[in-house]
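K.L.:
Whatever this is, show me its structure:
(one chain, ligands or ions: 1)
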Amino acid sequence: MPAAALSDTAKLCVHTITTKPLPLEQALELYPRYGVHGITVWRQALEGRDVKTAGRQIREAGLEIVSLCRGGFFPAREAAKRQAAIDENRQVVDEAAKLGAPLVVLVCGAVPGQPLTESRKQIRDGIAAVADHARASGVKLAVEPLHPMYADDRSAINTLRQANDLCEELNHPAVGVAADVYHLWWDPELEAQIARCGKLGRLWAYHLCDWKTPTTDLLNDRGLMGEGCIDLRGIRGWVEAAGFRGFNEVEVFSTRRWGMDQRAYLDEIKRAYLEHA
Ligand code: ZN
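P.N.:
Purely as a prediction, here's the structure:
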């Protein structure tokens, strides 16, 4: 990779959850100072704020809104709860439209004890019930496959193959994929499925962090790029070869880093991105 590209943060996006202690207003002030050009907004960051105003403030800060996190959690044993999830997801789409976010990331959901095959059907039906509304609102939906360790209660969609299959089955212009290295790095089919996702025209988001050894918490001990074992450059190469030209989104849940000075952390994020991603 040429040196010029290495010093480039034009495609650096940070998820608000990565710097969870920062209120949105402070994130907007700080992100641009550390070379961040894009922002993915977690719904918690919007709490107590007017969504349209927040969207305007983000754009005025010079940041591009990459996506809204998150919708999903479609499966449930009771039909009424599945319908409530569909209603909730329509509201998330409305929120994204108000914010000016082009994409909603879906963590699809699962129910402990319910067969994964059943949860997958419910996910398919739930997304199908929201997709037309998303399209009419100018918002896309990105299915994020989650690492199998979350198959019990967070997502029954666990590989990129499954997400691609789901996109093919639904064949809806508003339904695509968010690829997150944390969830997918181990998959022997990853290169082939990234290429397939690109061919389908569905590769819409790319999330970055690293896998630490040992990982001390299954949810909140993600590493910063370069701290773990994921071949980030290799995967980025596959993603770009598949035609992806969007933002590289830094999404790190880390209790340890939430406890540190967030300015120093943003500086670390920028360095790690330039050096390892
Ligand atoms: Zn992600």
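
K.L.:
Apart from its neighbours in sequence, what residue is nearest Gly62?
P.N.:
Among residues not flanking Gly62 along the chain, Pro32 sits closest, at 5.3 Å (C-beta to C-beta, 6 or more residues apart in numbering). For glycine as for every other residue, the C-beta is placed from the backbone atoms N, C-alpha and C.

K.L.:
same thing with Leu203?
P.N.:
Ranked by C-beta to C-beta, 6+ apart and with sequence neighbours excluded, the top spatial neighbour of Leu203 is Cys197, at 4.4 Å.

K.L.:
tell me the contacts of the one you found?
P.N.:
Shown in contact with Cys197 (C-beta atoms under 8 Å, 6 or more residues apart in numbering): Leu160, Ala163, Asn164, Cys167, Val177, Ala179, Leu203, Ala242.

K.L.:
ok, and does stretch 192-204 reach over to the ion?
P.N.:
No: Stretch 192-204 stays clear of the ion (C-beta under 5 Å from the ion), getting no nearer than 12.2 Å.

K.L.:
in that stretch, what's buried?
P.N.:
Buried residues in stretch 192-204, counting neighbours by 16 or more other C-beta atoms under 10 Å, are found at Gln193, Ile194, Ala195, Arg196, Cys197, Gly198, Arg202, Leu203, Trp204.

K.L.:
Count the residues that sit near Val177.
P.N.:
By other C-beta atoms under 10 Å, the residues close to Val177 number 27.

K.L.:
doesn't Ala61 make contact with the residue nearest to Gly62?
P.N.:
Yes: shown here, Pro32 and Ala61 form a contact pair, counting by C-beta atoms under 8 Å, at 6.2 Å.

K.L.:
And those two? Which one has more around it.
P.N.:
Using other C-beta under 10 Å as the criterion, Pro32 and Ala61 rank with Ala61 on top: 17 against 14.

K.L.:
For the more buried one, give me its contacts.
P.N.:
Leu28, Glu29, Tyr31, Pro32.

K.L.:
let's see it at 10 Å
P.N.:
Applying C-beta atoms under 10 Å, 6 or more residues apart in numbering to Ala61 gives the contacts Leu24, Glu25, Ala27, Leu28, Glu29, Leu30, Tyr31, Pro32, Val36, Ile39.

K.L.:
What residues does the stretch 51-200 of the chain have near the ion?
P.N.:
Asp180.

K.L.:
ranges for the strands of the chain?
P.N.:
12-15, 38-42, 64-72, 103-107, 140-143, 175-180, 203-208, 248-250 (DSSP state E).

K.L.:
Would you mind putting those into CSV with distance to Arg124 alongside?
P.N.:
Formatted as CSV, the strands of the chain follow (distance: least, C-beta to C-beta, whole Å):
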stretch, distance to Arg124
strand 12-15, 26
strand 38-42, 25
strand 64-72, 12
strand 103-107, 12
strand 140-143, 10
strand 175-180, 10
strand 203-208, 18
strand 248-250, 25
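
K.L.:
could I get those as JSON lines with mean pLDDT?
P.N.:
Shown next, in JSON lines, are the strands of the chain (pLDDT from 0 to 100):
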{"stretch": "strand 12-15", "mean pLDDT": "98"}
{"stretch": "strand 38-42", "mean pLDDT": "98"}
{"stretch": "strand 64-72", "mean pLDDT": "98"}
{"stretch": "strand 103-107", "mean pLDDT": "98"}
{"stretch": "strand 140-143", "mean pLDDT": "98"}
{"stretch": "strand 175-180", "mean pLDDT": "98"}
{"stretch": "strand 203-208", "mean pLDDT": "98"}
{"stretch": "strand 248-250", "mean pLDDT": "98"}
